[in-house]
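>>> predicted model follows, preceded by the sequence.
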Amino acid sequence: MRTERAPRAPGELVLLGHPVSHSLSPRFQQAALTAAQLDVQYVARDVSPADLSAVLRELARRNAAGNVTIPHKEAVFALCDAHTEVAARVGAVNTFWFDQRGSLVGHNTDVAGVSAAISAVLGTNVFPHRVALLGAGGSAASVLLALEAWPVAEVRICARTRLRAESLAARATLAASAGPTSRLSPAPRANFIIVDHLGDAVHHADLVINATPIGLTSDELPVDPALLAPHATVLDLVYRPGETPWIRACRERGLRAEDGLRMLVEQGAAAFECWFGIAPERNAMWDALEPRPYGR
Ligand code: NAP
């Protein structure tokens, strides 16, 4: 079922993940709650897959709402009573609430988050016609949905498991055939091309997006910056203290490049707006993440 059912104002907020202690969300969400003078706590909760269903039932009784992170996004999607159209398109939930009837509603604000990150890194008056997407998991699905807002002609997808890339492209193409009835599809659709070699994905791309975890825990680069076109813009969905090695290497080559921190903050801001119907103070959220990288 797809719905846009409104939440009851939550009395508490939780982030469900496993592990979850490393998450920055409690820091910037609590700052936004304080700035809005809302007497609500946002806490991270480590929940094993086996306990997820019981925890959601408990949260329903306590009138909580919240976010979902690795590895529960698809599992919570399956447990929801209803989904927003965006969550249904992505097939994963990162934001949930209980509606007036107590039904569990799943939404996905990673799309809004990555959309804001793409806009910011592109700057004004720049349109990506050719996009290279590295990875074919849940965040790659969010990227494809976000890209519908731009006049993209071609998306080259390169993923470790080719079958996953094919399935992602097939889902995006199927959604395209839904035509103008989908309000999420204002722009003409891109061609999706699956490639096996990174060089084939990136050498002509205007925008290169890393949607793999490469660089999260090691200094490995998802793709050698020397393979990128000199005009390419780069977005790494991965973030880590001091930026990712790939973003640093791309900047050293003179490319516009940002990591995933803005996506993180913007998906959080979009979730806040869903729960409370008001926009959070983004300055308070960024201040909670001091020091701000590159003037954000
Ligand atoms: P996912 O569903 O597990 O998908 C990961 C993709 O990367 C899959 O295609 C996977 O291939 C591929 N991959 C994994 N390890 C790889 C490796 N060593 N070499 C090549 N490909 C590899 O994960 P996701 O939810 O899409 O998230 C991906 C990353 O995006 C996360 O690690 C996180 O850092 C980042 N992210 C950031 C935000 C944000 O707010 N900034 C939000 C969500 C995600 P296989 O199918 O072969 O495993």
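Noted; the coordinates are in hand.

>>> the closest residue to the ligand within the stretch 51-200 of the chain: neighbour count?
In the stretch 51-200 of the chain, the residue that lies nearest the ligand is Gly137 (1.9 Å; Cβ to the nearest ligand atom). Where you see a C-beta, it was placed from the backbone N, CA and C, and this is true even at glycine. Counted with other Cβ atoms under 10 Å, residues neighbouring Gly137 total 20.

>>> how close does it sit to Gly123?
Plainly put, Gly137 is 27 Å away from Gly123 if you go by Cβ to Cβ, to the nearest Å.

>>> residues contacting Ser21?
Ala44, Asp46 (Cβ atoms under 8 Å, 6 or more residues apart in numbering).

>>> swap that for Ser142, please
By Cβ under 8 Å, 6+ apart, the contact set of Ser142 is Val90, Ala92, Asn108, Asp110, Val111, Gly113, Val114.

>>> next step: those residues restricted to helices.
Among these, the members found in helices (DSSP state H) are Val90, Asp110, Val111, Gly113, Val114.

>>> count the residues that sit near the last one.
Look at Val114: counted by other Cβ under 10 Å, it has 27 neighbours.

>>> could you look up the SS state of the closest residue to it other than its chain neighbours?
Closest residue in space to Val114, ignoring its immediate chain neighbours: Ala146 at 4.7 Å, by Cβ to Cβ, 6 or more residues apart in numbering. Three-state call for Ala146 (DSSP: H, G, I helix; E, B strand; the rest coil): helix.

>>> give me the neighbour count for Ala146.
24.

>>> can you give me the strands for the protein?
12-17, 42-46, 64-68, 82-83, 95-98, 104-107, 130-134, 154-158, 191-194, 207-210, 233-236, 256-258 (DSSP state E).

>>> count the neighbours of the residue nearest to Ala92 when sequence neighbours are not counted for me.
Closest residue to Ala92 apart from its sequence neighbours, by Cβ to Cβ, 6+ apart: Lys73 at 3.9 Å. Look at Lys73: counted by other Cβ under 10 Å, it has 25 neighbours.

>>> with Asp287 instead?
13.

>>> now for the closest residue to it other than its chain neighbours: which residues touch it?
Spatial nearest neighbour of Asp287, excluding adjacent residues (Cβ to Cβ, 6+ apart): Ala31 at 6.6 Å. Applying Cβ under 8 Å, 6+ apart to Ala31 gives the contacts Ala284, Met285, Asp287, Ala288.

>>> try 10 Å this time
Contact analysis of Ala31 by Cβ atoms under 10 Å, 6 or more residues apart in numbering lists Tyr42, Pro280, Glu281, Asn283, Ala284, Met285, Trp286, Asp287, Ala288, Leu289.
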